[in-house]
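predicted model and sequence below, questions to follow.
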Amino acid sequence: MEERPLSRTKSENSQVSVILKHLKKYGSITSWESIRQYGATRLAAIIKILRNEGYDIITIMHYENGKKWAEYTLDV
């Protein structure tokens, strides 16, 4: 099944742009970083938009002290 492009609100456009710039500059991002640095609380949704636009983003799951989180890495 083919993914169809998601329409974005103005706020989503801004957040997607900021997260993409971060990925290009630093290579990876976590949800905590996106919340703390950019106020973007729905990182997984932003990553999905970027993947639908053709960006190759790898998810690395981390497990530590009974907690788990995702780190998203831009594969260049």
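Okay, I see it. Numbers count the residues shown, from 1 in each chain.

what about the strands in this protein?
28-30, 57-64, 67-74 (DSSP state E).

just the mean pLDDT for the shortest one, thanks.
Summarised as a single mean, pLDDT over strand 28-30 is 98.

report the buried residues of it.
Buried residues in strand 28-30, counting neighbours by 16 or more other C-beta atoms under 10 Å, are found at residue 29. No exception for glycine: its C-beta is placed from N, CA and C like everyone else's.

try the last one
Buried residues in strand 67-74, defined by neighbour count with 16+ other C-beta under 10 Å: 71, 72, 74.

got the contact list for the closest residue to the first one other than its chain neighbours?
Leaving aside its chain neighbours, residue 71 sits nearest to residue 60 (4.6 Å; criterion: C-beta to C-beta, 6 or more residues apart in numbering). Residue 60 sits next to 28, 70, 71, 72, 73 when contact means C-beta atoms under 8 Å, 6 or more residues apart in numbering.

go with 10 Å
Counting by C-beta atoms under 10 Å, 6 or more residues apart in numbering, residue 60 makes contact with 28, 30, 69, 70, 71, 72, 73.

please apply the same query to residue 72.
By C-beta under 10 Å, 6+ apart, the neighbours of residue 72 are 19, 22-23, 27-31, 33-34, 43-44, 46-47, 50-51, 57-60.

same check, this time on residue 34
Applying C-beta under 10 Å, 6+ apart, we find residue 34 in contact with 15, 18, 19, 22, 40, 41, 42, 43, 44, 46, 47, 72.

can you count the residues close to the fourth one?
The one in question is residue 22. By other C-beta atoms under 10 Å, 19 other residues sit near residue 22.

list the residues that contact the closest residue to it other than its chain neighbours.
Of all residues not flanking residue 22 in the chain, residue 29 sits nearest, at 5.4 Å (C-beta to C-beta, 6+ apart). Residue 29 sits next to 19-20, 22-23, 37-38, 40, 43, 46-47, 57, 70-74 when contact means C-beta under 10 Å, 6+ apart.
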